[in-house]
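# build me a model from this:
(2 chains)
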Amino acid sequence: MENDRDSAEWLRGLSAEGPVREETVSRLRALLLRVARAVATQRRASVPDRGLEEVDDLCHQAASDAAMAILRKLPDFRGDSRFTTWACKFVMFEISTRLRRHAWRHRKIEPNEQVLDRLVDSALPALTRLEQTETLHFLQRAIRDDLTDRQRLIFQAAVLDEVPIDVLAERLDSTRGAIYKILHDARARLRRALARNEGKEERV
Amino acid sequence: MKRDPLEGLLGHTGRDPGCDAAFEQFDRYCDACLRGKDVEREFPEFMNHLRNCPGCREDAEGLLAALRQLDED
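Predicted coordinates for the structure are as follows:
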């Protein structure tokens, strides 16, 4: 298959020594930079105040870090996908994280009770249509009473304020995976509280 | 299928492997999409994660768009 031949060629080049490796690494960096720039173009609306030069700097940094990660993780590549797809996911995450963090750089993230008030008033027209205001009031209380401080902060920021997870990870000195786990646990806790409440109402 | 109205707040109820595990599957998922495979059937947990995680969803869409562009060039 052509794709497999292409992947094998990349692997041969990156595993070689001397000029062959240098030429392949250089091709890889060019590919990664191209993808980073394509993603930056897609997201231009989310970073409106950035000069083109600054965005290009971010693309270069992302391509460079992604290339290092790819070379380090090369022994892990099992050929389950095309090599270029596998490689491009690294630069995707590098540039994506940089663009999001930059877009949020001047914005504060802090606990804010008023955000919870908005939950019922304006955030969810679909739910209001379904006359679930009671449920939302219960959820407001559950967010206040059932979540830990960290779960509440992360739930509020990620779900109600739509702060990207990787921005939260940076601000809270954590990782994207760890922040997502806390959000996941918070949501599960709220679902359980809701189920308990619905059970109680049915019994009444 | 009836959509859970609380999904936007509380997430999809199916199993969600999280961002780290999803990252491991991103390349296989994208190649499957590009080959027109039934990704809902092949990657059910990954798809749940994309429903719950706007960041990963945006990254998956962005990566797919970039790969399509590379394939066209």
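# does any part of the lowest-mean-pLDDT helix or strand in chain B sit near chain A?
Sorting the helices and strands of chain B by mean pLDDT, DSSP states H and E puts helix B:7-10 at the bottom, at a mean of 84. Yes: residues of helix B:7-10 contacting chain A under C-beta under 8 Å from any C-beta of the partner chain: B:8-10. All C-beta atoms are positioned from the backbone trio N, CA, C, and that covers glycine.
# kindly report the same for stretch B:57-68.
Yes: counting by C-beta under 8 Å from any C-beta, contacts between stretch B:57-68 and chain A involve B:58-59, B:62-63, B:65-67.
# so which bits of that stretch are buried?
B:58-60, B:62-64, B:66-67 (16 or more other C-beta atoms under 10 Å in any protein chain shown).
# the helix ranked longest in chain A vs chain B: in contact?
Longest helix in chain A, counting residues (DSSP state H): helix A:176-203. Yes: using C-beta under 8 Å from any C-beta, helix A:176-203 reaches chain B at A:176-177, A:180-181, A:184, A:187, A:190-191, A:194.
# show me where pLDDT drops low in chain A?
In the predicted model, chain A carries pLDDT under 70 at residues A:1-3, A:47-52, A:111-132, A:200-204.
# now do 90
Within chain A, the segments meeting pLDDT under 90 span A:1-5, A:42-55, A:102-141, A:159-162, A:194-204.
# which parts of it belong to which domain?
Residue ranges for the domains of chain A, per automatic domain parsing: A:2-103, A:113-203.
# nearest to residue B:49, out of those?
For residue B:49, the closest of the domains of chain A is domain A:113-203, at 8.7 Å, according to C-beta to C-beta.
# near chain A, which residues of chain B are found?
Contact residues, chain B versus chain A (C-beta under 8 Å from any C-beta): B:5-6, B:8-11, B:13, B:16, B:18-20, B:23, B:26-28, B:30-31, B:52-55, B:58-59, B:62-63, B:65-67, B:69-70.
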